[in-house]
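Trainee: here's my sequence, what's the structure:
(one chain, ligands or ions: 1)
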Amino acid sequence: MSHDIVFRNATIYDGTGAPGAVGDLAVSGGRIAEIGAVSGRGAEVVDAAGLALAPGFIDVHTHDDFAAIVHRDMAFKTAGGVTTCIVGNCGMGAAPQAAAMVLARSFHPHASFPEWEGYAGYLDVLDRAPPATNIAVLIGHGTVRMAAMGRKTEAPNAAEMAVMKDMVREGLDAGAIGMSTGLIYEPGRHARTEELIELTSLLKGTGALYATHMRDEGLGLLGSVDEAIRIGREAGVGVQISHHKASGREAWGLVTRSLERIDAAQRLGLDVHADQYPYTAGSTVLSAVAEGGRLGGAGRGLGSLTPDNVVIASTAGHPEWEGQSIAALMAAFGAGLDATLQRVLGEEPGATVVLHSMSEDDVRTVMRHPSTMIGSDGLPTLAGKPHPRLYGTFARVLGRYARDLGVLSLPDAIYRMTGFPAAKFGLNDRGVIAPGAFADLVLFDPETIIDRGTFEDPKQPPEGVRMVLVNGQLVIRDGVATDARPGMALRRG
Ligand SMILES: [Zn+2]
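Mentor: Numbering: from 1, shown residues only. Next up is the predicted model:
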């Protein structure tokens, strides 16, 4: 029998957390055909001795909804071994399109987009012009609320709730794998818990889950975890806590107690997990940081931020501001905080920032916890100085946290980016190396894999990733992106 590609003598990590085992692996017709001692030949044979072969990484927390259309090579992800991106996080979804385009233009100010109708239309766009990675979608509650209610801060009336429910049902029918909220952002932060329970209840029995950027990741962290768990319990739906962290110095250490809350919920039989990116800095849009006087220390949600620890990442037309802290811009403008924020947001409403707000101890505590999987939360602005997590998340977990620091074993680290998220998000036949599974694969050198991006120079592909296959086709060869665009738009079930 002749295969498309055969890997010889690889150390195979199957994505279940099991230790690596040396063997061959054959790929045929987009699927894994044989594992072990492969007898047949391959159109291409790869000597993989000394290298690790794992399921392709599943990035459970992305904002690549629009990058998948305008940067179809997705090289910023595939070069780090990512083969599937879950989009629509933090309440920001791809439909309805008119509401979604606010974020699309903020991340991709110079791009033009096709038109689509609902989540079905968005997935059709991906079917017609696939990106290099697979894409699975979450319905964005904030986008739905904006489309139904604009910037209203009240609870929805019956008619508005009916419109939101229709939009959520449309997304579920189209194959969305869950619904996300962004409860620090406009307009999601105006939603009461009851609104979220009512909408999340539509997911019950479908296998779709509730993913949340919680209301408060600072001193209010524990109350926010309680709210997320309550929504899942009352709606009868699994919960994914996004980018689990304690933000702001006064909140450091609270993750020990928030993780205990997750343990307690699991003991009650609830399906509650979290994801994390492996850095002590976060990143978001400047408008969210400036809202409600948060940067002045008066607000809640992001923890205490100061003009020193907030740094401009990407802008549409002010490269000279990128990499500068708000404090530095205040000095340059000879202006106070409010005037500086007004000027920057007036000229750059979509500016993104990096927030240096977490403790390294907390990052390791969250990573060790068995409820945690890996998600980059990268903002695919590609211009300026985006947070290096966009490129380096998975290699950094494998190289720095697993190999160099021993926070996780290598099989466990791989499990948290493959088999674990595939099971949680219901991605069938992915995330594991097994006969018949889709051939989403990454071949890397466990001795050298490491992220290379820094906050000053973030746009660096990781080191040590040799080959990446999506649905059996090579998207990365010797660390370089190919012309293949074999990604699939994944529908639930
Ligand atoms: Zn978020």
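Trainee: and the residue positioned nearest the centre of the chain, what does it touch?
Mentor: Nearest to the mean C-alpha position of the chain, by CA atoms, centre = their mean, lies H61 at 1.6 Å. By CB atoms under 8 Å, 6 or more residues apart in numbering, H61 lies in contact with I86, N89, A211, S242, H243, D275, Y277, G375, S376, D377. C-beta coordinates here come from the backbone N, C-alpha and C atoms, glycine included.
Trainee: now go through the residues you listed and say which are in helices.
Mentor: Assignment to helices by DSSP state H places none of the contacts of H61 there.
Trainee: picking that back up, quick check, the residue nearest to the centre of the chain in a helix?
Mentor: No: with DSSP: H, G, I helix; E, B strand; the rest coil as the criterion, H61 is located in coil rather than a helix.
Trainee: Provide the contact partners of stretch 386-394 at residue level.
Mentor: 57, 59, 76-77, 79-82, 277-279, 281-283, 313-314, 352, 354, 374-380, 417, 451-455, 458-462.
Trainee: in helices, which of the residues you listed fall?
Mentor: Among the contacts of stretch 386-394, the ones falling in helices (DSSP H) are F76, K77.
Trainee: for the closest residue to R477 other than its chain neighbours, list the residues it contacts.
Mentor: Distances taken as CB to CB, 6 or more residues apart in numbering place M467 nearest to R477, at 5.9 Å, with adjacent residues excluded. Listed by CB under 8 Å, 6+ apart, the contact partners of M467 are V46, L441, V442, L443, L474, I476, R477, D478.
Trainee: count of residues packed around the fifth one?
Mentor: Using other CB atoms under 10 Å, L474 has 20 other residues around it.
Trainee: go on, G121?
Mentor: G121 has 17 neighbouring residues, counting by other CB under 10 Å.
Trainee: in stretch 36-53, what counts as buried?
Mentor: For stretch 36-53, the neighbour count (16 or more other CB atoms under 10 Å) marks V38, G42, V46, A48, L51, A52, L53 as buried.
Trainee: end-to-end on that stretch?
Mentor: In terms of CA to CA, to the nearest Å, the two terminal residues of stretch 36-53 are separated by 13 Å.
Trainee: hmm, who's touching it?
Mentor: Here stretch 36-53 has contacts from 1-13, 20, 23-26, 34, 410, 414, 433, 441-447, 466-467, using CB under 8 Å, 6+ apart.
Trainee: filter the residues you listed to the buried ones?
Mentor: For the contacts of stretch 36-53, buried by 16+ other CB under 10 Å: 3-8, 10-13, 20, 23-26, 34, 410, 414, 433, 441-444, 446, 466-467.
Trainee: among those, which lie within strands?
Mentor: Counted as lying in strands by DSSP state E, out of the buried ones among the contacts of stretch 36-53, are 3-8, 10-12, 23-26, 34, 441-444, 466-467.
Trainee: off-centre distance for the worst-scoring helix or strand of the chain on mean pLDDT?
Mentor: Ranking every helix and strand in the chain by mean pLDDT, DSSP states H and E puts helix 286-290 at the bottom, with a mean of 90. Put simply, helix 286-290 sits 20 Å off its chain's centre (CA atoms, centre = their mean, to the nearest Å).
Trainee: now do it: which elements does it pack against?
Mentor: strand 310-314, helix 337-347, strand 352-356 (3 or more CB pairs under 8 Å, 6 or more residues apart in numbering; DSSP states H and E).
Trainee: got JSON lines for those, with mean neighbour count and distance to V168 too?
Mentor: Below are those laid out as JSON lines (neighbours: other CB atoms under 10 Å; distance: least, CB to CB, whole Å):
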{"stretch": "strand 310-314", "mean neighbour count": "26", "distance to V168": "31"}
{"stretch": "helix 337-347", "mean neighbour count": "16", "distance to V168": "31"}
{"stretch": "strand 352-356", "mean neighbour count": "23", "distance to V168": "28"}
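Trainee: ok, which of those comes nearest A422?
Mentor: strand 352-356 (29.4 Å; CB to CB).
Trainee: could you tell me how far the next helix or strand after the closest one lies from the centre of the chain?
Mentor: Later in the chain than strand 352-356, the nearest helix or strand by DSSP states H and E is helix 360-368. A distance of 18 Å separates the centroid of the chain from that of helix 360-368, by CA atoms, centre = their mean.
Trainee: next one: stretch 21-33
Mentor: 28 Å.
Trainee: for it, which outside residues touch it?
Mentor: Residues contacting stretch 21-33 (CB under 8 Å, 6+ apart): 1, 3-12, 34-38, 40, 42, 53, 433-439, 441, 469, 471-473, 486.
Trainee: next, work out how far apart V82 and I312 are.
Mentor: V82 is 26 Å from I312, where distance means CB to CB, to the nearest Å.
Trainee: right, I mislabeled it, should have said A67
Mentor: Taken as CB to CB, the span from A67 to I312 is 20 Å.
Trainee: hey, where'd the helices end up in the stretch 201-350 of the chain?
Mentor: Ranges of helices within the stretch 201-350 of the chain are 221-235, 255-267, 286-290, 326-333, 337-347, based on DSSP state H, counting those that start in this stretch.
Trainee: quick one: closest of those to the ion.
Mentor: Nearest to the ion, of all these, is helix 286-290, at 9.3 Å by CB to the ion.
Trainee: is that closest one positioned near the ion?
Mentor: No: between helix 286-290 and the ion, judged by CB under 5 Å from the ion, nothing touches; the nearest distance is 9.3 Å.
Trainee: could you export that helix as CSV, CA atoms only?
Mentor: Output of helix 286-290 as CSV, limited to C-alpha atoms (Å, rounded to 0.1, in the frame of the first residue of the first chain):
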residue,chain,number,x,y,z
LEU,A,286,-7.4,50.3,24.5
SER,A,287,-11.0,51.4,24.5
ALA,A,288,-11.8,48.7,27.1
VAL,A,289,-9.0,49.8,29.3
ALA,A,290,-10.0,53.4,29.2
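Trainee: what's the burial count for G317?
Mentor: Under the criterion other CB under 10 Å, the count of neighbours that G317 has is 11.
Trainee: whatever residue of the stretch 251-400 of the chain ends up closest to the ion: neighbouring residues, count only.
Mentor: Residue of the stretch 251-400 of the chain nearest the ion, by CB to the ion: D377 (6.1 Å). For D377, the tally of surrounding residues (other CB under 10 Å) stands at 25.
Trainee: from A351, how far out is the nearest residue to A290 once chain neighbours are set aside?
Mentor: The shortest distance from A290 to any non-neighbouring residue, by CB to CB, 6+ apart, is to L341 (4.6 Å). Going from L341 to A351 by CB to CB gives 10 Å.
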